[in-house]
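[1] Predicted structure and sequence below. I'll ask about it afterward.
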Amino acid sequence: MPSEPAPISQAARRALEQELADLRAERTMVAATLRDADTAVGDRADEADELQRASELQRLDARISAIATRLREADTAGPPPTDLVGVGSTVTVRFPDGTVETLQIGESAEELDATLVTADSPLGRALLGHHAGDTVSYDAPGGQATAVVVSLG
């Protein structure tokens, strides 16, 4: 994540909030399966299963913490900018073949979303900091490509 708190779009916030709720529910279920420290563990298979659940609990806790931190940072950053492209922006771009697409600029792509462009992708990096009317160049799989920022917001 960037050193400064970055804003996120409402759609990204909703997705993170839903993921957080799902993770908390999963954590509750996993935690309920762990034995008390005073309970003796059976054979080696039971012990391995217990270790695996404990490891899963740690993974869930880490992701829950990361999402909660990201949501707090987004609150600090405020809404996405509407005058220039930034993380959290919704931007409409026109490609040389005439197609027009509306995209969300996000930090990471946790889910398959055709409208999400990560800020560290070639197109995402090219769009950051630009205004409506600007033409950007970026590296595409087929070579150098361009796009025009049609609008933001």
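    All right, it came through fine. Note that this is a predicted model, so its numbers are computed, not measured.
[2] contacting residues around the lowest-mean-pLDDT helix or strand in the chain?
    One helix or strand of the chain scores below all others by mean pLDDT, DSSP states H and E: strand 116-118, with a mean of 84. Outside strand 116-118, the residues that touch it by C-beta atoms under 8 Å, 6 or more residues apart in numbering are 103, 104, 105, 106, 107, 108, 109, 123, 124, 127. The C-beta positions use only the backbone N, C-alpha and C, and glycine is treated the same way.
[3] Tell me who's in contact with the first one.
    The neighbours of residue 103, taking C-beta under 8 Å, 6+ apart as the test, are 90, 91, 92, 93, 115, 116, 117, 123.
[4] Can I get those in a markdown table including neighbour count and distance to residue 134?
    Compiled in a markdown table, those are given as follows (neighbours: other C-beta atoms under 10 Å; distance: C-beta to C-beta, whole Å):
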| residue | neighbour count | distance to residue 134 |
| --- | --- | --- |
| 90 | 18 | 16 |
| 91 | 25 | 10 |
| 92 | 15 | 12 |
| 93 | 23 | 10 |
| 115 | 11 | 20 |
| 116 | 21 | 21 |
| 117 | 24 | 16 |
| 123 | 20 | 13 |
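[5] Between those residues, which sits nearest residue 79?
    The shortest approach to residue 79 among the contacts of residue 103 belongs to residue 90, at 11.2 Å (C-beta to C-beta).
[6] Which elements pack onto whatever helix or strand residue 125 lives in?
    Element membership for residue 125, per DSSP states H and E: helix 122-127. Applying 3 or more C-beta pairs under 8 Å, 6 or more residues apart in numbering; DSSP states H and E, we find helix 122-127 packed against strand 100-106, strand 116-118, strand 135-140, strand 143-152.
[7] Just checking: what are the partner strands of the shortest one?
    Based on DSSP bridges, the strands next to strand 116-118 in the sheet, each with its direction, are strand 100-106 (parallel).
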